[in-house]
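Chemist: Structural data only, the sequence is not supplied:
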């Protein structure tokens with residue numbers, strides 16, 4: 001994660017990891033692990049144009065959504081992110097087509113279209129919205145272990161590691177049962193639901209806390225960014 005730099009009155013620079021200020025302990029195996037031991041799965045949800053639907057379709061969507069809310073017996077968080085639309089890759093695609101276009105008229109039309117899109121996005125400040133559902137699983141906190149339990153864990157590190165792994169797998173299975181329920185309930189509305197993978201989760205949080213680099217940074221190697 002990006003580090004924060006602050007200058008104090010003495011002119012010295014203090015560097016602190018951004019992770020210190022987050023509740024995230026790590027991101028692994030397609031889930032977010034928080035410092036309190038709970039985990040989160042994140043689903044990316046497509047949008048639908050509700051206003052273009054017929055009255056009957058709108059009523060069916062509302063009824064299906066009500067059924068979904070009534071069927072959920074655990075908390076969820078609906079997250080909407082807004083970022084300035086990044087069309088650099090699309091403009092590069094158009095420029096490439098223009099360079100290889102042999103027809104002079106089509107090449108001119110491509111050039112004018114590319115300029116139009118670029119000016120439109122710059123002038124209108126068009127935003128790209130993304131929709132997510134965050135699904136939690138919070139295990140019941142265990143009572144603080146006593147002295148002899150802690151001593152036993154110290155003397156048996158292998159057993160302790162195995163138990164922690166089994167606990168993580170149990171929690172992950174629990175949260176993905178909820179994920180399956182949400183996907184099944186919302187698919188009937190016509191929404192496309194995709195659980196975010198580890199790389200996508202890292203990118204989501206990286207750009208959320210570093211919005212200024214969203215349009216200029218490409219994350220390739222997750223091993224250098226995964227929170228540990």
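Modeler: That came in fine, so what should we check first? Predicted model, so just to flag it, every value in this text is computed and none were measured.
Chemist: Residue 131 - that's part of a strand, no?
Modeler: Yes - counting by DSSP: H, G, I helix; E, B strand; the rest coil, residue 131 falls inside a strand.
Chemist: In contact with it, which residues?
Modeler: Counting by CB atoms under 8 Å, 6 or more residues apart in numbering, residue 131 touches 44, 45, 46, 47, 78, 79, 80. Every C-beta, even on glycine, is put in place using the N, C-alpha and C of the backbone.
Chemist: Could you rerun that using 7 Å?
Modeler: Counting by CB atoms under 7 Å, 6 or more residues apart in numbering, residue 131 touches 45, 47, 80.
Chemist: The first one against residue 130, yeah?
Modeler: Spelled out, it's residue 45. No - when contacts are counted by CB atoms under 7 Å, residue 45 is not listed as touching residue 130 (8.6 Å).
Chemist: between those two, which one's more packed in?
Modeler: Remark: of residue 45 and residue 130, residue 45 carries more neighbours, 20 against 14, as counted by other CB atoms under 10 Å.
Chemist: How much space separates the residue nearest to that one when sequence neighbours are not counted from residue 66?
Modeler: Nearest residue to residue 45, sequence neighbours excluded (CB to CB, 6 or more residues apart in numbering): residue 131, at 4.4 Å. Going from residue 131 to residue 66 by CB to CB, to the nearest Å gives 19 Å.
Chemist: For the nearest residue to residue 46 once chain neighbours are set aside, grab phi and psi.
Modeler: Of all residues not flanking residue 46 in the chain, residue 192 sits nearest, at 4.0 Å (CB to CB, 6+ apart). Per-residue torsions, residue 192: phi -100, psi 130 (degrees, to the nearest 10).
Chemist: Great, nothing more from me.
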